[in-house]
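Undergrad: any chance you can model this:
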Amino acid sequence: MADKKLCVGVIAGPHGVRGEVRVKSFTADPDALVGYGPFTDKAGQNEYAIEMTGRLKDMIRGRVRGIDDRDAAAALRGTKLYIDRDILPAAKEDEFYYADLIGLPVLLTDGTPYGSVKSVQEFGAGDLIETQLSDGTVTLLPFTRAIFPTVDLSVGHLIISPPKDTYASAEHMDDETEEESS
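TA: Residues are numbered from 1 along each chain as shown. Below is the predicted model of the structure:
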């Protein structure tokens with residue numbers, strides 16, 4: 001994980017005319033974002049030191065070192081802010097960072113390979129795990145204890161107990177669709 005970079009925020013655009021920016025934080029506590037800086041781009045080539053200057057409704061307001069006018073701040077719109085994964089504090093027991101799940105194998109409760117974690121989607125109503133199956137099919141399932149009873153980072157896998165209809169083959173689903181349309 002030492003080489004892993006995590007996107008912890010994005011510059012949403014300028015705020016005012018003196019070079020301040022609006023920043024959307026992806027951290028649990030948005031105000032804690034600037035404490036993880038300075039930030040880099042994904043490649044680690046450009047650095048962004050941000051000082052928090054205030055709060056907005058769902059973002060923080062800040063000043064990026066070296067940026068002192070609206071045009072320069074506007075040019076940063078869409079800039080993703082990355083940190084090294086290893087600077088984050090250790091997760092508590094039964095907690096984990098979603099970024100640590102990406103790429104992990106997913107096994108059925110009997111140990112049969114199911115696929116691997118492609119992404120974790122957060123839409124507000126509940127998180128979803130996107131799983132890439134070995135045949136290329138992608139499933140999107142609620143990230144609940146009932147469906148994912150075990151997340152074991154020490155071993156490096158997730159155990160899944162998917163709803164019955166999620167792992168039917170695409171060929172079988174086509175047959176059902178043909179029967180329904182007959």
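
Undergrad: would you quantify the distance from Ser161 to Gln45?
TA: Distance of Ser161 to Gln45, computed by Cβ to Cβ, to the nearest Å: 43 Å. Glycine gets a C-beta too; all of them are placed from N, C-alpha and C.

Undergrad: neighbour count: those two, which is higher?
TA: Ser161 (12 against 7; other Cβ atoms under 10 Å).

Undergrad: mind listing what Glu47 touches?
TA: 38-40 (Cβ atoms under 8 Å, 6 or more residues apart in numbering).

Undergrad: what pLDDT does it get?
TA: As predicted, Glu47 sits at a pLDDT of 94.

Undergrad: show me what it bridges to in the sheet.
TA: Thr40 (DSSP bridges).

Undergrad: so how far is Gln132 from it?
TA: 33 Å.

Undergrad: now do the helices in this structure.
TA: 70-74, 170-181 (DSSP state H).

Undergrad: quick one: stretch 19-26 to chain centroid distance?
TA: 18 Å (Cα atoms, centre = their mean, to the nearest Å).

Undergrad: if we can go back for a sec, of the contacts of Glu47, just say which sits nearest to Ala12.
TA: Phe39 (14.3 Å; Cβ to Cβ).

Undergrad: what residues go with each domain of the chain?
TA: 5-87, 98-167 (automatic domain parsing).

Undergrad: least reliable of those domains by average pLDDT, please.
TA: Mean pLDDT values for those show the minimum at domain 98-167, a mean of 87.

Undergrad: list buried residues within the contacts of Glu47.
TA: 39-40 (16 or more other Cβ atoms under 10 Å).

Undergrad: for the contacts of Glu47, give me a markdown table that also has distance to Arg61.
TA: Formatted as a markdown table, the contacts of Glu47 follow (distance: Cβ to Cβ, whole Å):
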| residue | distance to Arg61 |
| --- | --- |
| Pro38 | 18 |
| Phe39 | 16 |
| Thr40 | 21 |
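
Undergrad: now do the contacts for the closest residue to Ala73 other than its chain neighbours.
TA: Closest residue in space to Ala73, ignoring its immediate chain neighbours: Pro14 at 3.7 Å, by Cβ to Cβ, 6 or more residues apart in numbering. Shown in contact with Pro14 (Cβ under 8 Å, 6+ apart): 20-22, 70, 73-74, 77.

Undergrad: same thing but at 6 Å, please
TA: Contacts for Pro14 (Cβ atoms under 6 Å, 6 or more residues apart in numbering) come out as 21, 70, 73-74.

Undergrad: neighbour-wise, which of the residues you listed leads?
TA: Val21 leads these on contacts (other Cβ under 10 Å) with 27 neighbours.
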